Structure formats: structure tokens, C-alpha cells
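Q: here is a sequence with its predicted model. Questions after.
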Amino acid sequence: MANRSYLYSCGIHPNQQRKRPQLKGISEWNSDIPLVYKVLVSAQTRVCKSSIWKGDLQIAISGDYLEGRKRLFEFLERIKNEETEKLIKDAESALGIWDFNREFFVLEAGEIFDLIDDDLEEQNKSLFEQIQDLSYDIDKAVDTFHALAGEEESGFSKQYLYAANTLGLGNWRDVLYYDFPTTSLISDFDDWNKASDAERLAEVEFLMQYQLKEQFDFLGFKRFRCNRNSNVIARFFHRETRMNFHLIPGGFFYPGATEEQLAIWGITNDELASESYIDMPIKLEVMPFLMAEYLLTEYAWKKFSDVKLFWNFGDDYPVNGVELVDIHNWCEKSGLMVPTELQWEYACRAGSKDFFYWGNEPSNRYAWVDNNCEFDLEASQERNGILPPPSIFKKVWRVIKRDILKKQGEYHTFTAVDQKLPNAFGLLGMLGNLLEYVSEDRAPYSWRCDGSNYDYSRQCGNDVLRGGSNVYKWYQNRTTYRVPCAPGCSDTGNSVRTSMPLKPI
């Protein structure tokens, strides 16, 4: 034991956290519990379990972050002068205003309690009761501070020394003797799946409160299964676009295909070089993000863009034949993003290491490709409310149908409800269907990664599309297939699935 008291912050209350604590260090103090610490946990104060001591000992104290910070600076205003101005500025810098790890202050004083033979939990209870009303302690500290005016010791003002060494303003640091990871459930794919419903809900409620509530509604959790993978996914509704988004927990994966996988299908050397790390397989980390359940719809496009679409199938149909530059402009207005190539492949695989996200063999149950794309366009248009049933408007129907088929030729397109089975993240049509833009170019992976840092600068000159197409063969609809597209190109079949990055709690 180091005989110290510790001050942390966290985004989820310690009593609601999983087994691995998520605390961010702020300060530590030798052999005492300074008044500054007590003030910071004095708002909405609660006794909570310790993250340092083993077992479920209730020997820590939490308080509301923003209100505690406010109370501290009200106190410090009473001792502010030339001697303490720098100390107070240091406190402002250390405590910040707010971030996603700062919902609660947590005071861990178990080591101080352990210096005395009394029961640890009883001592914590006494501290909790003291913190309920600190007015006497604060007034006494202010009087002591002002009584030291003009006095010096070892070349320092006694007021400065009192504020720094007694009140607790002199030791801000983010790495403490007991340090904890600040990653959250959404940052760890495995932890997210192992968590309880209550833990996942607590994380989502926090995300909603501080990141998503202005744009999204929470729809609930749903379990998706595909092949050997099974995931519980949080689903959200984006109000402006009327599109569903799925929370994709962060994690590590190996992008690209192996030589063995590509050799089975007779993939050429050129494609192998573009699609595989070959002699340098690298495990990369993807941070958590939201991914659209399906492609960007015509309805959503018209909400934020005046650029006319070449194809117009109806509000629920995906945009088709769009340029990446126009998509980026749409994203700037909507607050959404084009996914990175790593995000796209990570979301497509959904934990799978196979050639397709459902396994290594083609399956008509999962994707629209060239050999199964016998699609009832009439039924789809009727089902999605685009055209009237022929039994009601026979004459009108014949004219509309003729014009649409003439415009489309033999080309097919699909809404979300026309899609086949989803992957293990609940995402629809990620293989086959339409080609999907990502935000980087088609430079070989080896150009972009050295194991710790990936460079997404434009070295190749071609945009890259992922996911294959309903006019492609099965081997071209694999999870790792990368299609080049010249910048400014708006070929038929080019679409996009939008995303939104999340800040770990």
C-alpha cells in the first residue's frame, strides 16, 4: 500500500461498471484526504464499491462531476489572488469542462482508512457524512488562508504553500499509482457480447445522453446470428434520414484475404496484391461506430442535397450512380460520414474470417448476385408504395410500368425490405446488391500501414468501392473485394452506406 487517497473520474458509475473498472486518474495525495477532493465529490454524493480493493467493499465515494467542479471553483474564488492564480489555472486545466470520461468524480480513500484499526466501511461512512456539509471546513480554510497573507517560508508565500500542500491543489496527474484502462464496452467487441443487458443498456443510455440524442432515437437491442457468429446489437433511428443504424463495437481484426483463400478461387496476382497483406498480415484496431443498416436512401439524399440523381426509383430505394464528392458534401450537411475502408470491412465481416461473411461457399440466402437476380420489380414497387396495384389502376399502371422499365432497362435495384439475410451485425446487403464507396483510395494495403499507423493519403488516384454487386459473379462478391473507380465517376451501381464514429465512454 502507498498510503494515499486517489481521485478519479468516470463515465459510468462504479456500481454499474463491469468487472474491469473504467476510471481516469486525476490526482493522488499522500497520507491524507485533502479538502479539494472532498469538495469535488460533494454533489449528489454516494457511497460506492472500491475499484482498488478486492471484493465488494463499499469504501469509495462518488459525486456529480459538473456540480462538484462548480463547487470547487466557487471555493477557490474565495482564495484567489496573485499567489494562487497559477494553482487555480492548473486546476481548471486538469479538471477540464467535461468529456465522455467525466460524469462522476470518484474518491478512493481506503489506504488512508487502513492506517487506522477501525472498520474500513465505517470510516468511509463517516467521511460520507462529513462531505454532506463542508461549509465549516471551507470557511475555516478560507480564514486560515487569509491569515497567512504576507508570510513567507523558504522563499515561497505561505498562502501558496497552504493552497498547494494542504488544500490539495498541487498534484494533478492523469497516471496514478493505481491506474485503470478507460476503454468502455463499445470499445471491445468481446466485452460487449459478454456484458449483461443492464451493462449494455447503461452504456447506450450514456451514449444517447451525450452523443446521440440530438439526431437519434434508441430502438432497442436485437440478437443477430450468421454462420458461427452471434451478436447483440444496439439499434438506433436517425430522425432526419429515417434510416436505422447499428452500433458496431470496436475491436481488432485482420483485413484482407489470405493467399490460401484467394488461391481457392483462382484470384489473379494483381488482385492478390491489392487485396492481401501477403507477407505482412497485420492485426488492426477499429474504434466503435454506428453503421447504417442499409444503403443511403433517395429520401435521405433529398433531405440534404440538391444534386439530382440519375436514377429515381422511389424514396425507400438506395441512391444509385452517385459521385463520391457529392456524397461527402451530403455528409457534411447531415453530420454523418462515409465509412473508412477498415470500418466497412470490419462491419461486413461481423466477426467472420471466411470468404463471405456467412462462410466459404456461395449462398443465395444472403446476397443478390448475377445468377440469382431474378427479381419481381412490380411486386417490389407495389410493396414499397411506389406504384399502385394493377387491379386498381390498370391503365395507369401499364403506362407507369412501361416508363419505368424503359428507363431502367433490365437494371434491378432493391430496398431494405427486399434484402436477404443480414450478417451477424444485422447489416443488410453488404455483399452483392450495389457497390459501396469508402472514404479512402485503392492503394495497396502495404502502402498504407506499417503496423501502428495507417496512411490514407491519396497515393493511388482511384476511389475504392466495396461489397461487390448484383451484376457480379460470386467470386467478386467476397468480403475483401476492392473495385477501383476514377474520381468523379458516377457509374450505375455506385452507392454508399453511411456511418458515424463514436467516442468511447
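A: Structure received. Since the model is a prediction, treat every value here as computed from it, not as a measurement.

Q: relative to Ala2, how far out is Leu72?
A: Distance of Leu72 to Ala2, given as C-beta to C-beta, to the nearest Å: 24 Å. The way it works is simple: take the backbone N, C-alpha and C, and place the C-beta from them, glycine included.

Q: who's more crowded, those two?
A: Legend: neighbour count by other C-beta atoms under 10 Å for Leu72 and Ala2, higher for Leu72 (25 against 11).

Q: got the phi/psi numbers for the more buried one?
A: Torsion angles at Leu72 (phi, psi; degrees, to the nearest 10) stand at phi -60, psi -50.

Q: wait, it touches Lys38, no?
A: No: in this structure, Leu72 is not within contact of Lys38 by C-beta atoms under 8 Å, at 9.8 Å.

Q: and the helix or strand hosting Leu66, how far from the chain's centre?
A: In the assignment (DSSP states H and E), Leu66 maps to helix 65-77. Remark: helix 65-77 is offset 30 Å from the chain centroid, using C-alpha atoms, centre = their mean, to the nearest Å.

Q: which positions in that helix come out as buried?
A: Within helix 65-77, the residues that count as buried by 16 or more other C-beta atoms under 10 Å are Tyr65, Gly68, Arg69, Arg71, Leu72, Phe75, Leu76.

Q: closest to Asp179 out of the residues you listed?
A: The closest of those to Asp179 turns out to be Tyr65 (C-beta to C-beta; 19.3 Å).

Q: please, which helix or strand holds the nearest residue to the closest one once chain neighbours are set aside?
A: In this structure, Tyr65 finds its nearest non-sequential neighbour in Arg102, 4.8 Å apart by C-beta to C-beta, 6 or more residues apart in numbering. Assigned by DSSP H and E, Arg102 belongs to neither a helix nor a strand.

Q: and the end-to-end length of stretch 4-16?
A: One end of stretch 4-16 sits 25 Å from the other (C-alpha to C-alpha, to the nearest Å).

Q: rewinding a little: so who does the residue nearest to Tyr65 touch?
A: For Arg102, the contacting residues are Ser9, Cys10, Gly11, Lys24, Tyr65, Gly96, by C-beta atoms under 8 Å, 6 or more residues apart in numbering.

Q: could you flag which of those are buried?
A: The buried subset of those - by 16+ other C-beta under 10 Å - is Ser9, Cys10, Gly11, Lys24, Tyr65.

Q: export those residues to TSV and append columns for distance to Gly493 and pLDDT.
A: As requested, the buried ones among the contacts of Arg102 are exported to TSV (distance: C-beta to C-beta, whole Å; pLDDT from 0 to 100):
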residue	distance to Gly493	pLDDT
Ser9	49	90
Cys10	47	83
Gly11	42	75
Lys24	47	84
Tyr65	50	93
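
Q: who are the packing partners of the helix holding Leu66?
A: On a contact count with 3 or more C-beta pairs under 8 Å, 6 or more residues apart in numbering; DSSP states H and E, helix 65-77 meets helix 35-40, helix 85-95, strand 104-108, helix 135-147.

Q: can we see that at 7 Å?
A: helix 35-40, helix 85-95, strand 104-108 (3 or more C-beta pairs under 7 Å, 6 or more residues apart in numbering; DSSP states H and E).

Q: between those, which one is closest to Arg173.
A: Judging the helices and strands packed on helix 65-77 by C-beta to C-beta, what sits closest to Arg173 is helix 85-95, at 8.2 Å.

Q: quick one: distance of that closest one to the chain centre.
A: 30 Å.

Q: kindly report the same for stretch 82-92.
A: Distance, centroid of stretch 82-92 to centroid of chain: 35 Å (C-alpha atoms, centre = their mean).

Q: also stretch 133-148?
A: Relative to where its chain is centred, stretch 133-148 has its mean C-alpha point 44 Å off (C-alpha atoms, centre = their mean).

Q: in it, what's buried?
A: Buried, per 16+ other C-beta under 10 Å, within stretch 133-148: Leu134, Ile138, Ala141, Phe145, Leu148.

Q: out of the residues you listed, flag the one nearest to Asn30.
A: Ala141 (18.9 Å).

Q: quick check: which element contains Glu436?
A: Counting by DSSP H and E, Glu436 is found in strand 435-441.

Q: who's in contact with that strand?
A: 324, 327, 338-341, 344, 456, 458-467, 469, 483, 493-497 (C-beta atoms under 7 Å, 6 or more residues apart in numbering).

Q: PyMOL command to pick out the buried ones of the residues you listed?
A: Listed next is the PyMOL selection for buried residues among the contacts of strand 435-441, using 16+ other C-beta under 10 Å:
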select buried, resi 324+327+338+339+340+341+344+460+462+463+464+465+466+467+469+483+493+494+495+496+497
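
Q: circling back: quick check: pLDDT value at the residue nearest to Tyr65.
A: For Arg102, the pLDDT comes out at 75.

Q: before we move on, what about Phe252?
A: 88.

Q: residues contacting it?
A: Phe252 neighbours (C-beta under 7 Å, 6+ apart): Lys283, Leu284, Glu285.

Q: can I get the buried part of those as one PyMOL selection?
A: To isolate the buried members of the contacts of Phe252 in PyMOL, using 16+ other C-beta under 10 Å:
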select buried, resi 284
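
Q: among the contacts of Phe252, which lie within helices?
A: Using DSSP state H, no member of the contacts of Phe252 falls within helices.

Q: where does the prediction get shaky in the stretch 1-150 of the chain?
A: Residue ranges of the stretch 1-150 of the chain with pLDDT under 70: 1, 17-21, 97-101.

Q: sorry, wrong one. I was asking about the stretch 201-350 of the chain.
A: Across the stretch 201-350 of the chain, the ranges flagged by pLDDT under 70 are 267-282.

Q: ok, which stretches of it are helices?
A: 259-264, 269-275, 298-304, 324-334, 341-349 (DSSP state H, counting those that start in this stretch).
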